[in-house]
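> Return a 3D structure for these sequence lines:
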Amino acid sequence: MDYSLSILKGITTTKTSKMPTNSDDDGGMFDVADKIDTLRMATAQAIIRINPLTSKFIKEGKTPKGNIFNAARVSATLAAKKTSDIIPYCHPIPIDDIKVHFALNDNDCSIVIKAHVKTVWKTGVEMEALTAASVASLTIYDMLKPIDESMSIESLKVIEKQGGTKNLPRFDTPQKLTAAVLVASDSRGYNEDKSGRFILNRLKENGFEIVEYKVVGDEVEKIESSLKWFCDELRVNLVVTSGGTGAGPRDITPDATRKVIQKELAGIEETIRSFGQRRVPSSMLSRGISGVRARTIIINLPGSLRAVSQSLDSIFPGLLHVFDMLEGKGH
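Residues are numbered from 1 along each chain as shown. The predicted structure is shown next:
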């Protein structure tokens, strides 16, 4: 069984950035199960306006409830850790670092609070930083209210945010990136294939021009010759295969790929298996490999639609850096 659609003539695809999931119309917590962990940081700021005399008392250490900054720092730290307890749709996040800084400004009689929060996780920490800054300001308000009835809290906002896949560096390439998709299956023809079509859509969303989409049977010779054609004749930047990565007697896609590649990129498959293993225990059984032939990257993905979706989630957009490396731009 060998199906080939040169330049994808006549194929229409729909934009599908993720696996379709059921969702209610009444909102709720976002599903971040398929997101990757990245370093994420956020800094929030709050400003308290105070009386000039209050500023004098703070400098002289004469505030009635003690050191306002020590107390506010502790309360801000606790607040950041408890954000998900009081904001219903916030995820419980492992907090890796919290720093709270205070500045007493005489020029405009203000206290500027900055709360910096850091984590390595799937979603951002803006709410943790905002909660920390707001609770720090409330703590200071509580400690100063006996001597300053004119006090006001204002301008709570996020002033810096870093991390997440949207903020990862984008790598400019000198030419349009091209890709080919190869589906290895004895049972799936073009009409039955869903994984290959899903890959097509995701590659398009990541800036690739699709040059070829092909379905072949689980035979080493057919897979090997198709890969060589994509790399040596079409000279595409990326080849993604789907299917034939398991331990069954007809699962031979990695074996054919190994005959074609010149350098192995073990980290890609390590990432794919690690990401999948945290979600599906059998992901460790995938034998897929990845590597380079000339200036083409070849990546083996499993055959199931869900596994394909999770695999692509795990490697994009970080994979895009490899094409700069192949052009000699280094790290």
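> just the helices in the stretch 1-150 of the chain please.
Along the stretch 1-150 of the chain, the stretches classed as helices by DSSP state H, counting those that start in this stretch are 52-60, 68-81, 83-86, 126-144.
> so which of those is the most packed in?
Of these, the one with the most neighbours on average (mean count of other Cβ atoms under 10 Å) is helix 126-144, at a mean of 24. For the C-beta atoms, the positions are set from N, CA and C on the backbone; glycine is no exception.
> That helix vs helix 68-81, what angle?
150 degrees (axes from the mean of the first three to the mean of the last three Cα atoms, to 10 degrees).
> any idea how far residue 241 lies from residue 62?
From residue 241 over to residue 62 the distance is 73 Å, taken as Cβ to Cβ, to the nearest Å.
> who has more neighbours, the two?
Higher neighbour count among residue 241 and residue 62: residue 241, with 31 against 9, using other Cβ atoms under 10 Å.
> Look up which helix or strand the more buried one falls in, please.
Assigned by DSSP states H and E, residue 241 belongs to strand 238-242.
> same deal with residue 160?
For residue 160, the host element (DSSP H and E) is strand 152-162.
> Report the inter-axis angle for that strand versus helix 126-144.
Interaxial angle, strand 152-162 versus helix 126-144 (the same axes, to 10 degrees): 150 degrees.
> Walk me through which strands strand 152-162 pairs with, and which way each runs.
Using DSSP bridges, the strands paired with strand 152-162 in its sheet are strand 38-49 (antiparallel).
> Just the buried residues of the strand it pairs with, please?
For strand 38-49, burial by neighbour count (16 or more other Cβ atoms under 10 Å) applies to 38, 40, 41, 42, 43, 44, 45, 46, 47, 48, 49.
> can you give me the helices for the stretch 151-300 of the chain?
For the stretch 151-300 of the chain, the helices defined by DSSP H, counting those that start in this stretch occupy 195-205, 220-228, 253-260, 266-277.
> and the third one, average pLDDT?
Within the predicted structure, the mean pLDDT of helix 253-260 is 97.
> can you check the longest one too?
The pLDDT scores in helix 266-277 average 94.
> Which elements pack onto that helix?
When contacts are defined as 3 or more Cβ pairs under 8 Å, 6 or more residues apart in numbering; DSSP states H and E, helix 266-277 packs onto strand 290-293, strand 296-301, helix 305-315.
> So what touches that helix?
Defining contact as Cβ atoms under 8 Å, 6 or more residues apart in numbering, one finds that helix 266-277 is touched by 36, 283-284, 286, 288-290, 299-301, 307, 310-311, 313-315, 319.
> again with the third one
For helix 253-260, the surrounding residues in contact (Cβ under 8 Å, 6+ apart) are 184, 218, 220-221, 223-224, 227-228, 231, 241, 243-245, 287-289, 291, 293, 298, 300.
> Poorly predicted segments of the stretch 201-331 of the chain, please.
Scanning the stretch 201-331 of the chain with the threshold set as pLDDT under 70 gives 330-331.
> where's residue 143 relative to residue 108, distance?
Taking Cβ to Cβ, one finds residue 143 at 20 Å from residue 108.
> Same check on residue 247?
To residue 108, residue 247 is 69 Å away according to Cβ to Cβ.
> ok, now residue 80?
Distance, residue 80 to residue 108, using Cβ to Cβ: 27 Å.
> Next: residue 184.
68 Å.
> What is the neighbour count of the nearest residue to residue 227 once chain neighbours are set aside?
Leaving aside its chain neighbours, residue 227 sits nearest to residue 260 (4.6 Å; criterion: Cβ to Cβ, 6 or more residues apart in numbering). Using other Cβ under 10 Å, residue 260 has 20 other residues around it.
> Out of the helices and strands packed on helix 266-277, which is the most enclosed?
Highest mean neighbour count among the helices and strands packed on helix 266-277 (mean count of other Cβ under 10 Å): strand 296-301, a mean of 26.
> Neighbouring strands - and their directions - for it?
strand 238-242 (parallel), strand 290-293 (antiparallel).
> With residue 141 as the reference, measure out to residue 115.
16 Å.
> ignore the last one, residue 41
27 Å.
> Tell me where the model's unsure across the stretch 1-150 of the chain.
Within the stretch 1-150 of the chain, the stretches with pLDDT under 70 are 1-26.
> Just put the helices and strands packed on helix 266-277 in a markdown table and tack on distance to residue 176.
Output for the helices and strands packed on helix 266-277, formatted as a markdown table (distance: least, Cβ to Cβ, whole Å):
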| stretch | distance to residue 176 |
| --- | --- |
| strand 290-293 | 19 |
| strand 296-301 | 15 |
| helix 305-315 | 20 |
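> out of the ones you listed, which comes closest to residue 91?
helix 305-315 (17.2 Å; Cβ to Cβ).
> Just the angle for that closest one relative to strand 238-242, thanks.
Interaxial angle of helix 305-315 relative to strand 238-242 (the same axes, to 10 degrees): 150 degrees.
> Run the chain-centre distance for helix 305-315.
From the chain centre to the centre of helix 305-315 is a distance of 12 Å (Cα atoms, centre = their mean, to the nearest Å).
> got the contact list for it?
So helix 305-315 is contacted by 18-19, 34-36, 194-195, 198-199, 202, 242, 268, 271-272, 274-276, 279-280, 283, 286, 299, 301-302 (Cβ under 8 Å, 6+ apart).
> Perfect, I'm done here.
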